[in-house]
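1. coordinates only, no sequence provided:
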């Protein structure tokens, strides 16, 4: 089985995906890491090179094509929030065997998990504090609304409701084994 996880930033696609892959004995791919390895560059610099999200997806679709072509067997892949848009979607919809799952959670729960990285993908200290947390919540909600339109393309929607990553992985294991 080939499982693709989607969701807004910090909803848990990578963490849950890795746990789910371990439980199933599958390979795990984090699409962003695969893009960085393929282009030998950090995401920040690739996004600067291709100014729009459209151009970014147009150029990085080769990574998704490569993963699908080279991995006919079972795997789990954590995709970016834009993973069900244009160029990626055209690839995904051609393969009916793909199990597509969107992870959803409340903005306040996502804010608790939010992590920040510098331009070189190094973890950095969170700038969120009591004075500015409302701005981050607004940003998360805006992303949820924006990507929510394409998230409806997925075969499954799973509401995390503040559960731990291991609880979500267990629930997804039940979902995919139905």
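-> Perfect, I can see it now. Bear in mind the structure is a predicted one, so any value in this text is a computation, not a measurement. Numbering: from 1, shown residues only.

2. when you work out contacts or count neighbours from here on, use the C-alpha atoms and nothing else.
-> OK.

3. and residue 160, what's its pLDDT?
-> The model reports residue 160 with a pLDDT of 96.

4. can you tell me which strand in this structure is longest?
-> strand 98-104 (DSSP state E).

5. by contact count, what packs against the lowest-mean-pLDDT helix or strand in the chain?
-> Among the helices and strands of the chain, strand 116-117 carries the lowest confidence by mean pLDDT, DSSP states H and E, at a mean of 89. Other elements packing on strand 116-117 under the criterion 3 or more CA pairs under 8 Å, 6 or more residues apart in numbering; DSSP states H and E are strand 123-124.

6. quick one, phi psi at the residue lying farthest from the centre of the chain?
-> Computed with CA atoms, centre = their mean, the residue of the chain farthest from its C-alpha average is residue 131, at 28.4 Å. For residue 131, the backbone dihedrals are phi -70, psi -30 (criterion: degrees, to the nearest 10).

7. give me the distance between the nearest residue to residue 26 once chain neighbours are set aside and residue 18.
-> In space, and not counting its chain neighbours, residue 26 is closest to residue 75: 4.8 Å by CA to CA, 6 or more residues apart in numbering. Computed with CA to CA, to the nearest Å, the distance linking residue 75 and residue 18 is 10 Å.

8. now for these two: what residues contact both?
-> Residues touching both residue 75 and residue 18 by CA atoms under 8 Å, 6 or more residues apart in numbering: 28, 29.

9. which parts of this structure are helices?
-> Here the chain has its helices, by DSSP state H, at 13-24, 31-39, 43-49, 53-70, 86-92, 107-113, 133-151, 165-176.

10. for those, give me JSON lines that also has mean neighbour count and distance to residue 99.
-> Listed next are the helices of the chain as JSON lines, based on neighbours: other CA atoms under 10 Å; distance: least, CA to CA, whole Å:
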{"stretch": "helix 13-24", "mean neighbour count": "21", "distance to residue 99": "13"}
{"stretch": "helix 31-39", "mean neighbour count": "16", "distance to residue 99": "16"}
{"stretch": "helix 43-49", "mean neighbour count": "14", "distance to residue 99": "26"}
{"stretch": "helix 53-70", "mean neighbour count": "15", "distance to residue 99": "13"}
{"stretch": "helix 86-92", "mean neighbour count": "17", "distance to residue 99": "10"}
{"stretch": "helix 107-113", "mean neighbour count": "17", "distance to residue 99": "24"}
{"stretch": "helix 133-151", "mean neighbour count": "16", "distance to residue 99": "13"}
{"stretch": "helix 165-176", "mean neighbour count": "16", "distance to residue 99": "8"}
